[in-house]
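In: Got a predicted structure here, sequence first:
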Amino acid sequence: MQIFHRIPAILGFAISFVFCHAARTDEKPMMKAVVAHEYGAPEVLKFEEVPRPEPKEDEALVRVIASGVNPADPLTLSGKYAREFGTHLPLIPGYDIAGVVEKIGAKITKLKVGDAVYGYPTFGGGWAEYVTAKEWEVAAKPKSLNFVQAAAVPMGALTAWQALVDVAKLQPGQTVLIHGGSGGVGSFAIQIAKARGARVIATASTANQDLLKQLGADVAVDYTKTRFEDVARDVDAVLDPVGKETLPRSYDVVKQGGIVMSLVARPDPAEFKKRGIHGAAISVHPDAEDLTEIAHLIEAGKIKPVVTQVLPLSEAIAAQQQAATHHTRGKLVLRIADDPKG
Ligand SMILES: NC(=O)c1ccc[n+]([C@@H]2O[C@H](COP(=O)([O-])OP(=O)(O)OC[C@H]3O[C@@H](n4cnc5c(N)ncnc54)[C@H](OP(=O)(O)O)[C@@H]3O)[C@@H](O)[C@H]2O)c1
């Protein structure tokens with residue numbers, strides 16, 4: 001049934017690609033990319049041939065092998081971030097990349113042509129054969145991961161790291177409640193919290209209880225059957241990627257001096273003051289040093305991305321539709337080129 005819904009979109013992609021290919025007139029290097037010329041639903045995306053970006057002096061050009069999918073992609077496409085973060089049209093989605101450095105600008109000091117990297121270009125652009133990135137947006141790809149696995153890491157793992165490590169300063173022996181533990185952020189958050197010696201209570205629906213346990217959660221809560229308040233009490237920190245009523249309900253499970261971190265809402269300071277707890281609205285940012293720390297944990301076998309689906313770039317619309325469900329198990333990745341190591 002689902003495939004029939006996709007046929008017009010797939011045809012649209014194919015037609016626009018053929019048309020753009022035929023209309024090509026200049027000698028500039030070109031690349032295939034997924035492009036939005038207007039804000040809207042995933043169906044506005046077109047698969048086109050566009051000029052390859054040229055790196056500025058403080059940028060590297062990366063040949064993208066794979067690009068991860070995030071709920072931020074459909075949000076960006078909707079135009080929500082145009083004013084907030086300065087996104088503009090035409091836009092190429094894709095915040096997560098893994099690839100190989102093709103060319104470097106004069107002021108690049110650490111990256112070399114041929115380096116395998118992974119990272120998060122601030123304004124996306126990863127759903128293309130090439131993207132430019134600043135040096136502080138990418139780091140060496142963990143050697144133990146292939147490019148598809150590495151592309152699943154940056155935004156999800158950086159968000160979990162910056163919340164749990166930079167903001168909550170999670171310590172060994174502390175207890176953290178992680179909502180949405182089976183999702184893109186939550187699956188990394190559980191593993192990062194365990195790597196730091198914390199006790200983890202994690203929530204997800206019935207179908208994902210097995211995953212919570214595999215990722216290392218000490219207590220797995222099925223939010224469709226059990227109220228998390230009945231299981232989690234006096235925790236040191238809560239990471240909430242869900243929002244709505246999950247956020248205010250989380251305030252009363254935190255011990256005095258503890259912290260509630262939201263990924264999707266601005267928690268109410270008055271509620272925290274009343275309870276003697278802290279609150280934070282997390283906003284992830286690219287950070288090569290954090291990516292390097294995360295890579296060390298990956299190489300040490302403490303973090304593994306959960307890639308549940310790999311799609312070709314031409315399936316970008318379906319990828320965006322899945323990301324918008326807020327029920328992705330682990331990560332969805334777009335494969336853009338063959339892995340250089342085969
Ligand atoms: N502020 C930031 O910097 C930042 C950074 C990254 C992400 N985000 C936002 O954070 C949210 C999560 O991102 P993500 O990549 O983790 O998304 P995701 O991959 O779609 O995962 C969402 C997870 O939430 C679970 N879930 C849904 N409803 C739930 C509920 N009522 N209680 C507990 N779990 C529930 C789902 O599990 P089931 O399928 O089992 O229900 C799913 O695993 C998105 O809205 C995203 O835009 C914000």
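Out: In hand now; what should we look at? Numbers count the residues shown, from 1 in each chain.

In: mind listing the strands for the stretch 201-342 of the chain?
Out: 219-222, 235-240, 254-262, 278-281, 307-312, 331-335 (DSSP state E, counting those that start in this stretch).

In: Return the most buried member of the ones you listed.
Out: strand 235-240 (a mean of 26; mean count of other Cβ atoms under 10 Å). All C-beta atoms are positioned from the backbone trio N, CA, C, and that covers glycine.

In: Walk me through which strands it pairs with, and which way each runs.
Out: Applying DSSP bridges, strand 235-240 is found paired with strand 175-178 (parallel), strand 254-262 (parallel).

In: Take the ones you listed and write them to CSV, including distance to residue 152 and mean pLDDT.
Out: Conversion of the strands paired with strand 235-240 to CSV gives the following (distance: least, Cβ to Cβ, whole Å; pLDDT from 0 to 100):
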stretch, distance to residue 152, mean pLDDT
strand 175-178, 18, 98
strand 254-262, 22, 97
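
In: Redo the ones you listed as CSV? Include distance to the ligand.
Out: Listed next are the strands paired with strand 235-240 as CSV, based on distance: least, Cβ to the nearest ligand atom, whole Å:
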stretch, distance to the ligand
strand 175-178, 9
strand 254-262, 8
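
In: now the ones you listed as a markdown table including distance to residue 227?
Out: Output for these, formatted as a markdown table (distance: least, Cβ to Cβ, whole Å):
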| stretch | distance to residue 227 |
| --- | --- |
| strand 175-178 | 12 |
| strand 254-262 | 16 |
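
In: What about the residue of the chain found nearest the ligand, how many residues nearby?
Out: The nearest approach of the chain to the ligand comes at residue 183, 2.0 Å away (Cβ to the nearest ligand atom). Other residues lying near residue 183 total 25 when counted by other Cβ atoms under 10 Å.

In: Show me what from the stretch 51-200 of the chain comes close to the ligand.
Out: 70-72, 155-156, 159, 179-180, 182-186 (Cβ under 6 Å from any ligand atom).

In: Enumerate every residue touching the closest residue to residue 302 other than its chain neighbours.
Out: Leaving aside its sequence neighbours, residue 302 sits nearest to residue 195 (Cβ to Cβ, 6 or more residues apart in numbering; 4.2 Å). By Cβ atoms under 8 Å, 6 or more residues apart in numbering, the contact list for residue 195 reads 297, 302-303.

In: What residues does residue 96 make contact with?
Out: Residues in contact with residue 96 (Cβ under 8 Å, 6+ apart) are 67-70, 118, 120, 126, 151-156, 333.

In: again but with residue 117, I slipped
Out: With Cβ under 8 Å, 6+ apart, residue 117 has these contacts: 60, 62, 97-101, 111, 133, 138-141.

In: Once you drop chain neighbours, what's closest to residue 254?
Out: Nearest to residue 254 is residue 277, by Cβ to Cβ, 6+ apart, at 4.8 Å.
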